Structures are given as C-alpha cells and as structure tokens.
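Colleague: sequence and predicted structure, then a few things I'm wondering about:
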Amino acid sequence: MEYDVIMIGSGPGGYTGAIRCAQLGLKTAIIEKYPSLGGTCLNVGCIPSKALLDSSEHYYNAAHTFAEHGIKLEDLKVDLPQMIARKTNVVDQTTKGIVFLMKKNKIDEIHGVGSFVDPHTIKITKADGSEQTITGKNIIIATGSKPMSFPSMPIDKKRVITSTEALTLQEVPKHLIVIGAGVIGAELGSVYARLGAKVSFVEFADSMIPTMDKTMGKELQKVIKKLGADFYFSHKVTKVENTGDEVVVSVDTPKGEQITLTGDYCLVSVGRRAYTDGLNLEAAGVKADNRGRVEVDDYLRTNVPHIYALGDVIRGAMLAHKAEEEGTFIAETIVGQKPHIHYRLIPGVVYTWPEVAAVGYTEEEVKQEGIPYKVGSFPFKALGRARASMDVDGLVKVLAHKETDEILGVHMIGARAADMIAEAVVAMEFRASAEDVSRMSHAHPTYTEAFKEACLAATDNRAINM
Ligand SMILES: Cc1cc2nc3c(=O)[nH]c(=O)nc-3n(C[C@H](O)[C@H](O)[C@H](O)COP(=O)(O)OP(=O)(O)OC[C@H]3O[C@@H](n4cnc5c(N)ncnc54)[C@H](O)[C@@H]3O)c2cc1C
C-alpha cells in the first residue's frame, strides 16, 4: 500500500484527523474535491458566518447603542459588498493556514473527487478530467454534509437560497423569510435583521432552536424579537415560489388555515444531510443507514474494519469540534492507543448576540429520563459587568442532580456564552458538583460570575445579587 491512511474530505474532521495521523508517524494523503481545503466549516459554514455575525453586530451597536455610550456617528451606512469581501478574506487566510499545516506535516494533498474502486483503492477524478488511483491500509470517510431541502421548497440559489448563498448576498433583503429557526436559521436570520432586513421565521416546531433546552429558545426569541423579527411557530410551509422579484411562501397555520408570506429572499435552513454522493461506497461494501449516514461502531469503524468515518457523515451532532475530536480519535485508534470522546459533553453554541451555549442534559431530557434534578439560574441583568457593558439580556441555568449535586447540564444565553461554556465542560468532565464550582473564585466583575451564581443557586439557593 502507498499510504497508511487516506482521508477523503478536508473539513475540520478530515484535516485534524490527517494531522494527528501524520504526527503519529502514519504516511497520509488527504483528498478534497474543492480547490480549497477546510470543508463546509471554513468555506461556507462556521468561519464565514461568524465573520458576518460580527460585522452585523458592529453595525447594530453603532446604530443603536453607541449614542448611549456617548459616541456620536453621522451618516452610518451598511456596505454589504465590503462586509462580504472582508468575510472572504478571513476565509482565504484561514484555508491557506490549512494548506500550510498539510505541508508542515508532510501530508499529500490531492484535489479531485475521491471514489472507492475496492476496499483499499481510491480513484481521484480531477477537475481537468484526469484520474489518479492510490491505495491505503486505512481509509477515513470525512465527506461531511450538504443542505437539505424539500420538493415544496426548490432552491434556485437566487431568491430561494441556502446558507451558502446567504453568505454572499450583495444586498440586504427587504424581507427575508427564514424557513427553519434552528441554529443556522437563527444565526443568518439575525445577521440580516441587524443589518435592517425585516425577518420572518417559519418553524415547524413550537420554538426557536428546538433541539436545545426550551428556556434558551424562549429567551432567544425575546432578543431576536427586539430586532423586529416575527415568528410563525408550529407552521408548515407547503410551497415556495420565486415569482421574479419576489418569493411567495405558502404556509399552513396550526389551525389549518392557509396564509402566504411575501419576501424578496427565502432562506431554507431545514437541516443538513450526510453527503456520500460519488463515493461509490458499494465498491468497498460500506453500509449507510436509511438517512444516508455511514454506519459506524463505537470505534468509528464502518462494517469494513479498516474503513472509518467521522463528522457530519455519521450519527450525532453536526458540529465542527465533534468532527475534530473524531479525527483525532480515529488516528489514535489506528496506532493502537485508547482515545476518549465524551459525546454528552460536546458543547453546542448559537452565535447570535447574545450567544446561546449549552452542554449536557437539557431539562426536558432529565425529566424524560426520570433523573432527580434541581435548577439554579442567574440573570445577566444582575451582573455588574453586564450592566457596565449594556449586555443585560440572558441568563445561566444549571441543572444538578438532586441528591449528589453533580452538574448535569449547563445552558447559557448571554454575552460571551460561547466562551464561558468551556468552564462548564471542564467542570462536568471532572464530574464537579454545583457546590464545587460555587466555591471557586471567579474574577469580579466578569460574565463568568453568572455561572458561579447559578451554581450557588442550584446548591442551596444562595445566589448573591450583584
Ligand atoms: C452556515 C453554517 C454555519 C456553521 N457554524 C458552525 C459553528 O459555528 N460551529 C460548529 O461547530 N459547526 C458549525 N457548522 C457545522 C460545521 O460546518 C460542520 O459540522 C463541519 O464542517 C463538519 O465537518 P466535517 O469534517 O465532517 O465535514 P465538512 O466540513 O463538510 O467537510 C467535508 C469535505 O469533504 C469534501 N468531499 C465530499 N465528498 C468528497 C469526495 N468524494 N472526494 C473528495 N472530497 C469530498 C467536501 O468538499 C468537504 O470539503 C456550520 C455549518 C453551516 C452550514
């Protein structure tokens, strides 16, 4: 065999796993069908969406909060093409960094569509039509996911768009209809709401971010409502039609009535599905489940023992850091180490402002599993630091075991929640109790005090109002 490991796909799971393989002395090749490395996350996902979220927050603050800080601006304008250009520049810099890391770790980078010829052989079809065939002792499928849609919502990439097109719009929509108020819909909807678009969320479930703790969805709705957005929960989209300059979205209400919403753009963000198109899994005998996800065991092995899979193409949360952990896990498994991933402790974040972040059980899950629990929560408006910065929206909610006080879940909405959740992950990895956290010193005044106070509240209702 030419390679110890062939990685198919260069997203966060693929490039992280390839680097760990190389660090462990395995001769590694990475195959990527696009000209740039980094996958969904770097090119059309995590990084560009965060770049636009930040730009839109700066604009919103300049327009709405600077005056109260005593900063006066005149003639404030949104220059969306410049925002998009900055985002593209951030993406380019980041993807170039991955190319550098491949070279540094002596990983062979091959561009083209990889497909199985047999369980050890991969054919790469390049953009110019030429082909190359390579063999590997181990093969890792890291081909990610693609946006989902339904036949009633045909994507035309002009007015009926997915997250990919929403990251490159050249004008701020007048009225953006977002189908699906999950993480991606909430983030991109809030970008354009902050830039001045009227945004309407149509969601089949009864709240925003429906897979997270219900309290978070309600709080997020309150802050997004302040941006002028409106919400159609428990509503079902039956038809989406591009009529030229407009998009008409037909919706069934919970009472069975039919209404139509008319906007200039419609973002379809109803989820993503595993991507294995063109891989020719059959030639290797690799099985996928009925949702198209590659089936893996606890070691991330497919039914063919030397073929592994990771990230969005397998079961579990579609998150970049989950894929990264799995890349490292597989590399270490191949060389006979005993790595560890604690799936329950993979945090989830929504990068709206304020941010939402969570780890562990939701309140709905502990109820469902019959785990005895208690709740402590603390509002941001009671934090000195939050008031000084005018970041008073949000709260921290801690779920702890009723008898042992072990922290079971932490849910935050508020400024810097995305960074603050790391403390909760560490605490839970070491099985800390709410009292353990409440007895650790947290600098004052900081946002992190909200976590300490929520733990105090969960321990014995001792939160101190700051
Ligand atoms: C708008 C948006 C925002 C997001 N924000 C976040 C966030 O903030 N945080 C977070 O954790 N997650 C976020 N995600 C999710 C995150 O992007 C994915 O979970 C992550 O990219 C999955 O990594 P992966 O390595 O499994 O696959 P991917 O990143 O999807 O990479 C797969 C790669 O495989 C390549 N490929 C596919 N088939 C072949 C083939 N046959 N041959 C060669 N190459 C192939 C693809 O071109 C792609 O480059 C976001 C997603 C979107 C869409």
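Modeller: Done, it's in. Residues are numbered from 1 along each chain as shown.

Colleague: so does stretch 195-211 get close to the ligand?
Modeller: No - using CB under 6 Å from any ligand atom, stretch 195-211 never reaches the ligand; the gap is at least 13.2 Å. All C-beta atoms are positioned from the backbone trio N, CA, C, and that covers glycine.

Colleague: between the two ends of that stretch, how far is it?
Modeller: One end of stretch 195-211 to the other measures 27 Å (CA to CA, to the nearest Å).

Colleague: now swap in stretch 279-299 and tell me
Modeller: Start-to-end, stretch 279-299 (CA to CA) is 22 Å.

Colleague: right, is that stretch up against the ligand?
Modeller: Yes - using CB under 6 Å from any ligand atom, stretch 279-299 reaches the ligand at residue 279.

Colleague: buried stuff in that stretch?
Modeller: By neighbour count on 16 or more other CB atoms under 10 Å, the buried set for stretch 279-299 is 279-281, 284, 286, 288, 293-294, 296.

Colleague: do the same with stretch 419-432
Modeller: Quick answer for stretch 419-432 (16+ other CB under 10 Å): 420-421, 423-425, 427-428, 432.

Colleague: now, which of those residues sits nearest residue 95?
Modeller: residue 421 (26.5 Å; CB to CB).

Colleague: where does the closest one sit: helix, strand or coil?
Modeller: helix (DSSP: H, G, I helix; E, B strand; the rest coil).

Colleague: use 71 as the first number for this chain going forward.
Modeller: Noted, 71 is the first residue going forward, which turns the last one into residue 491.

Colleague: ok, it - contacts?
Modeller: 417, 419, 427-429, 480, 482 (CB atoms under 8 Å, 6 or more residues apart in numbering).

Colleague: the closest residue to it other than its chain neighbours: neighbour count?
Modeller: Distances taken as CB to CB, 6 or more residues apart in numbering place residue 427 nearest to residue 491, at 3.7 Å, with adjacent residues excluded. Residues lying near residue 427 (other CB atoms under 10 Å) number 27.

Colleague: which strand residues bridge residue 427?
Modeller: residue 419, residue 482 (DSSP bridges).

Colleague: so it sits right up against residue 419, yeah?
Modeller: Yes - the criterion here is CB atoms under 8 Å, and residue 427 meets it with residue 419 at 4.6 Å.

Colleague: what residues are shared contacts of these two?
Modeller: Between them, residue 427 and residue 419 share the contacting residues 487-488, 491, judged by CB under 8 Å, 6+ apart.

Colleague: buried set for the longest helix along the chain?
Modeller: Longest helix in the chain, counting residues (DSSP state H): helix 150-174. Applying a neighbour-count criterion of 16+ other CB under 10 Å, one finds 150, 153-154, 157, 160-161, 164-165, 168, 171-172 buried in helix 150-174.

Colleague: contacting residues for the closest residue in space to residue 499 that isn't next to it in sequence?
Modeller: Leaving aside its chain neighbours, residue 499 sits nearest to residue 415 (5.8 Å; criterion: CB to CB, 6+ apart). By CB under 8 Å, 6+ apart, the residues touching residue 415 are 429-430, 495, 498-499.

Colleague: now, which of those residues lie within helices?
Modeller: Per DSSP H, the contacts of residue 415 map to helices at 495, 498-499.

Colleague: how close does residue 84 get to residue 472?
Modeller: 43 Å (CB to CB, to the nearest Å).

Colleague: which one of these two is surrounded by more residues?
Modeller: residue 84 (29 against 14).

Colleague: pretty sure that one sits in a helix.
Modeller: Yes - assigned with three-state DSSP, residue 84 falls within a helix.

Colleague: quick one: it from residue 355, how far?
Modeller: In terms of CB to CB, residue 84 sits 22 Å off from residue 355.

Colleague: and the residue nearest to the spatial centre of the chain, backbone torsions?
Modeller: In the chain, the residue lying closest to the centroid (CA atoms, centre = their mean) is residue 389, at 5.0 Å. Backbone geometry at residue 389, expressed as degrees, to the nearest 10, gives phi -140, psi 140.

Colleague: tally of neighbours for the closest residue to the ligand within the stretch 121-270 of the chain?
Modeller: Closest residue of the stretch 121-270 of the chain to the ligand, CB to the nearest ligand atom: residue 214 (2.0 Å). Around residue 214 there are 25 other residues, counting by other CB under 10 Å.

Colleague: check residue 175 too.
Modeller: 16.

Colleague: please name the residues that touch it.
Modeller: 88-89, 92-93, 98.

Colleague: not counting sequence-adjacent ones, nearest residue to residue 227?
Modeller: Residue 227's closest residue in space is residue 235 (CB to CB, 6+ apart), at 5.2 Å.

Colleague: mind checking pLDDT for the residue of the stretch 321-470 of the chain found nearest the ligand?
Modeller: Going by CB to the nearest ligand atom, the ligand is nearest to residue 381 of the stretch 321-470 of the chain, at 2.1 Å. pLDDT recorded at residue 381 is 98.

Colleague: how about the helices in the stretch 171-320 of the chain?
Modeller: Secondary structure of the stretch 171-320 of the chain (DSSP state H, counting those that start in this stretch): helices at 233-236, 253-264, 284-295.

Colleague: now do the residue nearest to the centre of the chain against residue 81, distance only.
Modeller: 11 Å.

Colleague: before we move on, what about residue 172?
Modeller: Residue 172 is 13 Å from residue 81, where distance means CB to CB.

Colleague: same thing with residue 265?
Modeller: Distance from residue 265 to residue 81, by CB to CB: 28 Å.

Colleague: neighbour count: those two, which is higher?
Modeller: For residue 265 versus residue 81, the count of surrounding residues by other CB under 10 Å is larger for residue 81: 31 against 22.

Colleague: is it correct that the more buried one is in contact with residue 381?
Modeller: Yes - counting by CB under 8 Å, residue 381 is a contact partner of residue 81 at 6.2 Å.

Colleague: so what sits against both of those two?
Modeller: Common neighbours of residue 81 and residue 381 (CB under 8 Å, 6+ apart) are 212, 214, 393.

Colleague: secondary structure class for the last one?
Modeller: Going back to what we said before, that points to residue 393. Per three-state DSSP, the secondary structure class of residue 393 is helix.

Colleague: does it really touch residue 379, like I thought?
Modeller: No - taking contacts as CB under 8 Å, residue 393 lies outside contact range of residue 379: 10.5 Å.

Colleague: between those two, which contacts overlap?
Modeller: Both residue 393 and residue 379 are contacted by residue 212, under the criterion CB under 8 Å, 6+ apart.

Colleague: so residue 118 belongs to a helix, correct?
Modeller: Yes - counting by three-state DSSP, residue 118 falls inside a helix.

Colleague: distance check, it against residue 224.
Modeller: 24 Å.

Colleague: okay, those two: which has more neighbours?
Modeller: For residue 118 and residue 224, the more surrounded residue by other CB under 10 Å is residue 118, and the numbers stand at 23 against 13.
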